[in-house]
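>>> below are the sequence and a predicted model for it; my questions follow.
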Amino acid sequence: MAPELMVELSDKEETSEVLAVIEQKRLSPAAISPQAGGLVVAFDRPASPGNLGSSIRSADALGAQGIIISGHAVDIYDPFVVRGSMGAVFSMPVTTTPSHTGVKEWVDNAKAQGIDYQIIGSSGKATEMVYSVDFSKPTVLILGNETVGMSRGYWDICDAVVKIPIGGALSSINVSCAASILLYEIARQRTAQR
């Protein structure tokens, strides 16, 4: 291949010597097996590849068994998602569904198998603090869109919606930072109860 074409395809300053063309793996939420004490993270229309990649990396590090991405969202195989996740996008099922109804169907299916997942949303508009929820139960954690938060559909299916206590001049934090904080609280509670 001509070096100029390799530079153009590489998307890096120093190109690799290897180029592969592979079929992208697309999974539905059914690829995530419900588990007693399980944790699934659902993203509502994520728009930033870097935020999604970093959040997937945190989810992997802090015990999630799978990811569900819903709605019109960034491509899970965007190079910035893959790089931001440090490869975690390949270490667990990262699935897609058209809307919140796919998440609700997955939860209902898990309940039919005897595993009762709670659906916990996150929003700066919530009144309940994250540390007030019992995360020892099987949980689906919902993270909203970076600009507009969770859709009304997600608000309607949540058992609770929590917020992170924030001080200072700003009223919100970056969604990947919020994901890490929320996931850490879940991991902290579960570790403390062992």
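Done, it's in.
>>> switch to C-alpha atoms for all contacts and neighbour counts from now on
Noted.
>>> what mean pLDDT does stretch 35-44 get?
Stretch 35-44 carries an average pLDDT of 97.
>>> now that stretch - C-alpha only, CSV.
These are the backbone C-alpha positions of stretch 35-44, laid out as CSV (Å, rounded to 0.1, in the frame of the first residue of the first chain):
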residue,chain,number,x,y,z
GLN,A,35,-26.4,-12.6,37.2
ALA,A,36,-27.2,-12.6,40.9
GLY,A,37,-25.5,-9.4,42.2
GLY,A,38,-25.0,-8.3,38.6
LEU,A,39,-24.3,-4.8,37.3
VAL,A,40,-25.1,-3.5,33.9
VAL,A,41,-24.5,0.0,32.7
ALA,A,42,-26.9,1.6,30.2
PHE,A,43,-26.0,4.8,28.2
ASP,A,44,-28.8,6.9,26.8
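>>> which parts of it are buried?
Buried residues in stretch 35-44, counting neighbours by 16 or more other CA atoms under 10 Å, are found at Gln35, Gly38, Leu39, Val40, Val41, Ala42, Phe43, Asp44.
>>> contacts only, for the nearest residue to the last one once chain neighbours are set aside.
Spelled out, it's Asp44. Spatial nearest neighbour of Asp44, excluding adjacent residues (CA to CA, 6 or more residues apart in numbering): Gly144 at 4.8 Å. When contacts are counted by CA atoms under 8 Å, 6 or more residues apart in numbering, Gly144 touches Phe43, Asp44, Arg45, Pro46, Ser122, Ser123, Met150, Ser151, Val175.
>>> reformat the residues you listed as CSV; add secondary structure and distance to Val162.
Listed next are the contacts of Gly144 as CSV, based on DSSP: H, G, I helix; E, B strand; the rest coil; distance: CA to CA, whole Å:
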residue, secondary structure, distance to Val162
Phe43, strand, 15
Asp44, strand, 16
Arg45, coil, 19
Pro46, coil, 19
Ser122, strand, 5
Ser123, coil, 6
Met150, coil, 12
Ser151, coil, 15
Val175, helix, 14
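>>> quick revisit: in strands, which of the buried residues of stretch 35-44 fall?
Under the assignment DSSP state E, the buried residues of stretch 35-44 contribute Leu39, Val40, Val41, Ala42, Phe43, Asp44 to strands.
>>> out of the buried residues of stretch 35-44, which is nearest to Gly87?
Val41 (16.9 Å; CA to CA).
>>> who touches the closest one in this structure?
Contacts of Val41 (CA under 8 Å, 6+ apart): Ala59, Ala64, Gly66, Ile67, Ile68, Val140, Leu141, Ile142, Leu143.
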